[in-house]
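Trainee: Return a 3D structure for these sequence lines:
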Amino acid sequence: MTINNAATKSEASGLHSSLRYKFIALVGNEYVRAATAADAVARVQPKLVIEPGTESELAEVLRLANDAGLAVIPRGGGTKLGWGNPPTRADLILSTARLTEIIEHAWADLTVSVEAGCTIQRLQETLAQHGQRLALDPLWPERATIGGVLSTNDSGALRLRFGALRDLIIGATIALPDGTLASSGGKVVKNVAGYDLPKLVTGALGTLGVITRAVFRLHPLPRNARSFSVLAGNGEETQRFVLAVQDSKLAHTFLQSHFSGEAPPVSDILFEGTEAGLVAQEAQLRKLAAPANVKEASTPTWTAREELWSFSGPGTTAVAKISMLPGDLARTMGGVEQAAKLHQLRWRALVYATGLGWVRLEGQPAALKNALQLLRVELEKHAGSLVALHRPGKMADFDAWGDASDALPLMKALKQRLDAKITLNAGRFVGGI
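Mentor: Coordinates of the predicted model:
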């Protein structure tokens, strides 16, 4: 990282003297260490990694860093640390690795309060003991943490039935750069008092504050579940099937479609409920899908999105999150195929019935960049979007986010209000926030 002025140089040297000793006195010597190459964020190297043990310790570390003019990168499990643009500067990694407590599971009220460093898998295993779940299927649940999933707004196909993260979160506590611990929401599902901080920080990429805990509404675990795959001949047939299912009385839990340049499209549909109910749902599905081939899913549908993230070599793959109107599914996938052929790229995609999806492109960085730009322009013309979540290092100058439209002035004003010194995740979010 380049240091641009004398003041910043002085502040950076403080990391190795008096300020570092303050951090050590606050959280303990074993929880303050020099950052290594493995701690780099999009090839930007921080200097220190600090792991506070409590919310108050985290807030105080953040206050000290903010006062000193240091740039702070919040980190949970690190599974999505590469999402967004590279930071313009990075001095300190502020880790939630020790904030792992499940504070309160009010099973009778179907709510849970949990610290930000708890992994999704651990939370789900605890909730399952009472026959409940957080109806969420993010990437890599065994490593992804509550805070990281909220900050990146990472939800999967279950959002079709249960809503997105903003529908599941009902309370949150965040540490603001000035050291304030701010809380909003409550422990009951119908709490509407106060400013809606939980929804504000969901998807903000940690640019407004560091999430320290969250409260979620829960759902019962299903008695039984069965998933089916429906083979369609082309994109138009897939779109007709998806829209027909959405317009039917099927009580499906998720519906997703796979596309690639190497095989016909396939749609996965999941049903949950009683055994008798599943039999009836299957019969209705087969009738609705005819003459398309319907079979029980032979591969796990839950991890389909993770397969897009298996990289065989560095610098040759890009993964983008896209959004579209559900009625534009066939046209959009046709556009992806055309862009891939034009730039000699291999491609795969996974699209949910809600119109959200992920596209994986493989090829040379220059070709990847041109294809992504072409797709972004076409999607934005039709009320869609493209966010580049993973791209080769040679594409670091390619903006991850695209057009923020008329929302950007409001977002910048909010950033200025909560983080005037640009302490948190500097430059990583929309519009360089």
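
Trainee: any chance you could map the helices in the stretch 101-250 of the chain?
Mentor: 120-128, 146-152, 159-162, 165-168, 197-201, 235-246 (DSSP state H, counting those that start in this stretch).

Trainee: Gln45 versus Ala34, what's the distance?
Mentor: Noted for Ala34: a distance of 11 Å to Gln45, by Cβ to Cβ, to the nearest Å. Quick note: C-beta positions are derived from backbone N, CA and C, even for glycine.

Trainee: just Thr126 next, same as before
Mentor: Thr126 sits 36 Å away from Gln45, going by Cβ to Cβ.

Trainee: any idea how far the closest residue to Glu272 other than its chain neighbours lies from Leu278?
Mentor: The shortest distance from Glu272 to any non-neighbouring residue, by Cβ to Cβ, 6 or more residues apart in numbering, is to Pro222 (3.5 Å). Distance of Pro222 to Leu278, computed by Cβ to Cβ: 10 Å.

Trainee: These two: who's more crowded?
Mentor: Between Pro222 and Leu278, counting by other Cβ atoms under 10 Å, Leu278 is the more crowded of the two (18 against 15).

Trainee: contacting residues for the residue nearest to Glu272?
Mentor: Thr253, Glu272, Gly273 (Cβ atoms under 8 Å, 6 or more residues apart in numbering).

Trainee: any idea which of those has the most stuff around it?
Mentor: Glu272 (20 neighbours).

Trainee: Confirm for me that that residue is in contact with Leu250.
Mentor: No: Glu272 lies out of contact with Leu250 (Cβ atoms under 8 Å); the separation is 11.9 Å.

Trainee: what's next to the helix or strand Ala367 falls within, contact-wise?
Mentor: If you go by DSSP states H and E, Ala367 is part of helix 365-381. For helix 365-381, contacts defined as Cβ under 8 Å, 6+ apart pick out 315-318, 320, 322-324, 332, 335-336, 339-340, 342-345, 359, 361, 363, 385-386, 388, 391-392, 394-395, 398, 402-403.

Trainee: in it, what's buried?
Mentor: Within helix 365-381, the residues scored as buried using 16 or more other Cβ atoms under 10 Å are 365, 367-376, 378-379.

Trainee: Over to stretch 251-266?
Mentor: Result for stretch 251-266 [16+ other Cβ under 10 Å]: buried residues His252, Thr253, Phe254, Leu255, Gln256, Ser257, His258, Phe259, Ser260, Pro265, Val266.

Trainee: of all the residues you listed, which comes closest to Phe429?
Mentor: Using Cβ to Cβ, Gln256 comes nearest to Phe429 of the buried residues of stretch 251-266, at 27.6 Å.

Trainee: Report the beta-bridge partner residues of the closest one.
Mentor: For Gln256, the beta-bridge partners under DSSP bridges are Asp268, Tyr352.

Trainee: where are the low-confidence patches of this structure?
Mentor: Along the chain, the parts satisfying pLDDT under 70 run over 1-16, 186-195, 298-302, 312-314.

Trainee: Could you chop it up by domain?
Mentor: With domains defined by automatic domain parsing, the chain comprises 6-97, 102-220, 224-296, 306-406.

Trainee: Leu414: which of the ones you listed is closest?
Mentor: domain 102-220 (7.0 Å).

Trainee: Now the terminal residues of the closest one, how far apart.
Mentor: Taking Cα to Cα, to the nearest Å, the first and last residues of domain 102-220 lie 18 Å apart.

Trainee: One more: stretch 210-224?
Mentor: Stretch 210-224 has an end-to-end distance of 38 Å (criterion: Cα to Cα).

Trainee: Let me see the ranges of the strands in the stretch 1-150 of the chain.
Mentor: For the stretch 1-150 of the chain, strands defined by DSSP state E, counting those that start in this stretch occupy the ranges 32-34, 48-50, 72-75, 92-95, 102-106, 111-115, 132-133.

Trainee: could you dump the helices of the stretch 101-250 of the chain to a markdown table with mean neighbour count and distance to Arg217?
Mentor: A markdown table is the format used below for these (neighbours: other Cβ atoms under 10 Å; distance: least, Cβ to Cβ, whole Å):
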| stretch | mean neighbour count | distance to Arg217 |
| --- | --- | --- |
| helix 120-128 | 17 | 12 |
| helix 146-152 | 28 | 14 |
| helix 159-162 | 18 | 9 |
| helix 165-168 | 19 | 6 |
| helix 197-201 | 22 | 11 |
| helix 235-246 | 18 | 24 |
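
Trainee: I'm done for today, thanks for sticking with me.
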